[in-house]
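Asker: Build me a model:
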Amino acid sequence: MRIWHLLALITALLAGPAVAQSLESALSPGPVIEGHVKVEAQCEKCHVRFDRAGQDGLCMDCHKEVGQDVRQHTGVHGRMKPQPCRTCHTEHKGREMRIAEFDRKAFDHGQTNFALRGGHARVECSKCHESGKKFRVAPQECVACHRKDDKHKGSLGPKCVECHTEVNWKQTRFDHSKTRFALTGKHIDSKCESCHKSENFRNTPMTCVACHRKDDKHKAHFGEKCETCHDTQNWKQSSFNHDTGTKYPLLGRHHAARCESCHTGMLYQDHLSSACSDCHKKDDKHKGSLGSECGACHNERGWKEKGRFDHSKTKFPLLGKHLDADCKSCHLSAMFKETPSTCVGCHRKDDKHERTLGEACGDCHTERDWKATRFDHARTKFALRGAHGAATVKCTACHRDSRSFRNTPSDCFSCHRKDDKHEGQQGRDCGQCHVDTGWKSVSSFDHGLTRFPLLGKHAPLACAKCHVSARFKDAQRPCSACHIKDDPHKKTLGTACEQCHNARSWKAWAFDHDRRTQFVLDGKHKDAACSACHTRPAEGRVTAPSACYACHAKDDVHEARFGRQCEQCHVTTSFQKIRSRIGRPVSDADLHWPILPAPSRAGPGSVPVSAAFLHPAPGALQ
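Answerer: Numbering: from 1, shown residues only. The predicted structure follows:
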């Protein structure tokens, strides 16, 4: 019989797909279940030719949810030991065959995504799995089965497991510390209903007065922040520490005072001042003249008990004989601030200067003895130093009027007019040169601050070399005033010697004729001596003709027939050489040029030296 089947199969394969499909249907071992009827004639939907293992892949192609569980290792099929689908689900057993049937009593629900624990383990399957529906579609949320048991009417959301357990629905487990109101002290033993009046636990007030308003003996006078003073351990006992909790520690009799004696207004609304005068205004005999710092004299042990007053913290510290003086000798009434703090307030009769020196008696007199004096002249505009010291010069030497020391002149000239050998030419600021150790002693004068700074060899020279008399401003500034005898040029290059020479050495000189004049020296002009062109003495501007003809008239073989602009043909390297103007050697015809007029004396024939030659910039001699 098997041989015939094999021959029939080979014949079907050779005959074509249609014949093979018909033959496979004829060879079917039996009808499939009702759910597979629509693919019963399509064997390739469940079978792979010559590959029995490929059948599982086809099963999961249709049963996608099972395939997903297997791939993700979830659910019953994903957690069970791998085995072919046909091991549990056998087909071709008839239309009524239940190929997904299993032993419900022996089934391990822990292999699913919803393990049965507590009270769930005793519940029948039909309580959660509805008939006619797949087991996997059973809901897993608590509210799906316990919606009728939710007394909160959904106000706390669907996460029932945050409070309820699987052992018993009525048994709760809630961690109140994870809320904004952790239970401490006696709140731990309180019943939920004492605060949560309804099954809707949300929006329950968290303020103390919400539950303890009847216990508030202050009648809301101290506000609603009960936790500031009370705690959850004991409502009647106050735990508020006024010393650390406020900026006003309670000392002395303040510690025993009742809160209401100071806090008369609404706490947290009415600002309570910490000034003593707010409570002790009736006790203030000074009538507010000393301010609100009563603690400067009084203390908390008793208002009438005087504290030790530190007079050094006032504007008038007690020194010398003032320490032994009685308070009433200065403070004639309880209005202490009305007491004068000036010396003349008490010592006017002792002022021998008749108020000409003002009222600052302390500048000279001391608290130890009125007759003793201590005057620091350094605090005035004229400090006494050197020969001006008190050990050398008496006060009367400058202060002619012993009764009034003011308006005494402080300039040197007022006392040393007879000693001024400069006859007033240097002004009255004698301190620029002289020092107070002795009139004849002269300080180091900074000549750099004058219009003639001393540079080079000028620095070590004695003053008398230039200043021939005490009238120092009469000294001449030009170089020629002192060095006219050293001028080998006989003034042909002017008197502004600093244009070429410097203060380091008279023989050393440097002058850039190309950059500082309008006549560039090139060719043989470079080696020419200055006196070859500069022949006439000059007192001010140094001038010299710049036309060729001025120096080379004797060299003009043309006798001025070609004009006086020699540079049109001749060059500075040699007067006998001429330059080519037409790009070829010069012929006799090229020399028949028109005769040009001689240059004017006011034109380019003379070039003035730059004004910088006569007025050098500062530091030009360095």
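
Asker: quick check, residue 441 in a strand?
Answerer: Yes - remark: residue 441 belongs to a strand, assigned using DSSP: H, G, I helix; E, B strand; the rest coil.

Asker: And for the spatially most central residue of the chain, nearest residue in space, chain neighbours not counted?
Answerer: The structure's the chain has its C-alpha centroid closest to residue 247; by Cα atoms, centre = their mean the separation is 32.6 Å. Spatial nearest neighbour of residue 247, excluding adjacent residues (Cβ to Cβ, 6 or more residues apart in numbering): residue 274 at 7.1 Å. Placement of C-beta: from N, CA and C, glycine included.

Asker: number of nearby residues for the one you found?
Answerer: The local packing of residue 274 (other Cβ atoms under 10 Å) involves 11 other residues.

Asker: A strand includes it, no?
Answerer: No - remark: residue 274 does not belong to a strand; assigned using three-state DSSP, it is coil.

Asker: From residue 254, how far off is it?
Answerer: Relative to residue 254, residue 274 is positioned 11 Å away (Cβ to Cβ, to the nearest Å).

Asker: Residue 542: neighbouring residues, count only.
Answerer: When neighbours are counted by other Cβ under 10 Å, residue 542 registers 24.

Asker: go on, residue 452?
Answerer: Applying other Cβ under 10 Å, we find 12 other residues in the vicinity of residue 452.

Asker: now it: how far from residue 495?
Answerer: Computed with Cβ to Cβ, the distance linking residue 452 and residue 495 is 16 Å.

Asker: do residue 339 as well
Answerer: Separation of residue 339 from residue 495 (Cβ to Cβ) stands at 79 Å.

Asker: Pull the contacting residues for the closest residue to residue 430 other than its chain neighbours.
Answerer: In space, not counting the residues next to it along the chain, residue 430 is nearest to residue 412; the distance is 3.7 Å by Cβ to Cβ, 6+ apart. In this structure, residue 412 makes contact with 428, 429, 430, 431, 434, judged by Cβ atoms under 8 Å, 6 or more residues apart in numbering.

Asker: Give me the ChimeraX select line for these, limited to the buried ones.
Answerer: Typed into ChimeraX, the line below selects the buried ones among those, using 16 or more other Cβ atoms under 10 Å:
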select :430,434
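
Asker: Tabulate the contacts of residue 412 in TSV, adding columns for secondary structure.
Answerer: Supplementary listing: these in TSV, determined by three-state DSSP:
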residue	secondary structure
428	coil
429	coil
430	helix
431	helix
434	strand
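
Asker: what number of residues lie near the residue lying closest to residue 202 once chain neighbours are set aside?
Answerer: Leaving out its chain neighbours, the residue that sits closest to residue 202 by Cβ to Cβ, 6+ apart is residue 155, at 5.7 Å. Around residue 155 there are 13 other residues, counting by other Cβ under 10 Å.

Asker: Surely the residue nearest to the centre of the chain is in a strand?
Answerer: No - counting by three-state DSSP, residue 247 is located in no strand; its state is coil.

Asker: And the pLDDT for it?
Answerer: Reported pLDDT at residue 247 in the predicted model: 84.

Asker: try residue 31
Answerer: Looking at residue 31, its pLDDT stands at 91.

Asker: okay, now it: neighbour count?
Answerer: Burial measure for residue 31: 16 neighbouring residues, criterion other Cβ under 10 Å.

Asker: thinking again about what came up before, quick check: the residue nearest to residue 247 touching residue 248?
Answerer: Yes - the pair residue 274 and residue 248 passes the contact test of Cβ atoms under 8 Å, sitting 4.8 Å apart.

Asker: Regarding residue 415, what is its secondary structure?
Answerer: The three-state label for residue 415, taken from three-state DSSP, comes out as helix.

Asker: can you tell me how far it sits from residue 504?
Answerer: Relative to residue 504, residue 415 is positioned 43 Å away (criterion: Cβ to Cβ).

Asker: Between those two, which has more neighbouring residues?
Answerer: Set side by side, residue 415 and residue 504 give different neighbour counts by other Cβ under 10 Å, the larger being at residue 415 (16 against 13).

Asker: Which residue comes closest to the more buried one once chain neighbours are left out?
Answerer: Leaving aside its sequence neighbours, residue 415 sits nearest to residue 398 (Cβ to Cβ, 6+ apart; 6.8 Å).

Asker: Please work out how many residues are found near that neighbour.
Answerer: Residues within reach of residue 398, counting by other Cβ under 10 Å, total 16.

Asker: buried ones in stretch 463-483?
Answerer: Residues of stretch 463-483 classed as buried under the neighbour-count rule (16+ other Cβ under 10 Å) are 466, 472, 475, 479, 480, 482.

Asker: Stretch 214-223 now?
Answerer: Residues of stretch 214-223 classed as buried under the neighbour-count rule (16+ other Cβ under 10 Å) are 216, 222.

Asker: Endpoints of stretch 355-365, how far apart?
Answerer: From its first residue to its last, stretch 355-365 covers 14 Å (Cα to Cα, to the nearest Å).

Asker: just for the stretch 301-450 of the chain, where's the confidence low?
Answerer: Regions of the stretch 301-450 of the chain meeting the criterion pLDDT under 70 cover residues 304-308, 372, 390-391, 402-404.

Asker: Show me what counts as buried in stretch 322-333.
Answerer: For stretch 322-333, the buried set under the neighbour-count rule, 16+ other Cβ under 10 Å, comprises residue 330.

Asker: Sketch out the strands for the stretch 351-500 of the chain, chain order is fine.
Answerer: With DSSP state E, counting those that start in this stretch, the ranges of strands along the stretch 351-500 of the chain come out as 434-435, 438-442.

Asker: among those, which is the most enclosed?
Answerer: strand 434-435 (a mean of 18; mean count of other Cβ atoms under 10 Å).

Asker: Parallel or antiparallel, which strands does that strand pair with?
Answerer: strand 438-442 (antiparallel) (DSSP bridges).

Asker: Residues in contact with the partner strand: which ones?
Answerer: Under the criterion Cβ under 8 Å, 6+ apart, residues 386, 387, 416, 419, 433, 434, 435 lie in contact with strand 438-442.

Asker: at 10 Å what do you get?
Answerer: Strand 438-442 is contacted by residues 386-387, 412, 415-416, 419-420, 430, 432-435, 463 when judged by Cβ atoms under 10 Å, 6 or more residues apart in numbering.

Asker: Next up, the contacts around the residue nearest to residue 415.
Answerer: 382, 384, 388, 405, 408, 409, 410, 414, 415.

Asker: nearest to residue 535, of those residues?
Answerer: The nearest member of those to residue 535, counting by Cβ to Cβ, is residue 414 at 59.2 Å.

Asker: how many other residues sit next to the closest one?
Answerer: Residues lying near residue 414 (other Cβ under 10 Å) number 11.

Asker: my guess is it meets residue 397, correct?
Answerer: No - under the contact definition of Cβ atoms under 10 Å, residue 414 does not touch residue 397, with a separation of 11.8 Å.

Asker: any idea how far stretch 516-523 is from the chain center?
Answerer: When distances are taken as Cα atoms, centre = their mean, to the nearest Å, stretch 516-523 is centred 61 Å away from the chain's centroid.

Asker: likewise stretch 549-561?
Answerer: For stretch 549-561, the distance from its own C-alpha centre to the chain's C-alpha centre is 81 Å (Cα atoms, centre = their mean).

Asker: contacting residues around the closest residue in space to residue 483 that isn't next to it in sequence?
Answerer: Spatial nearest neighbour of residue 483, chain neighbours left out: residue 497 (6.2 Å); criterion: Cβ to Cβ, 6+ apart. By Cβ under 10 Å, 6+ apart, the residues touching residue 497 are 478-480, 482-484, 486-487, 489, 506, 509, 616, 621.
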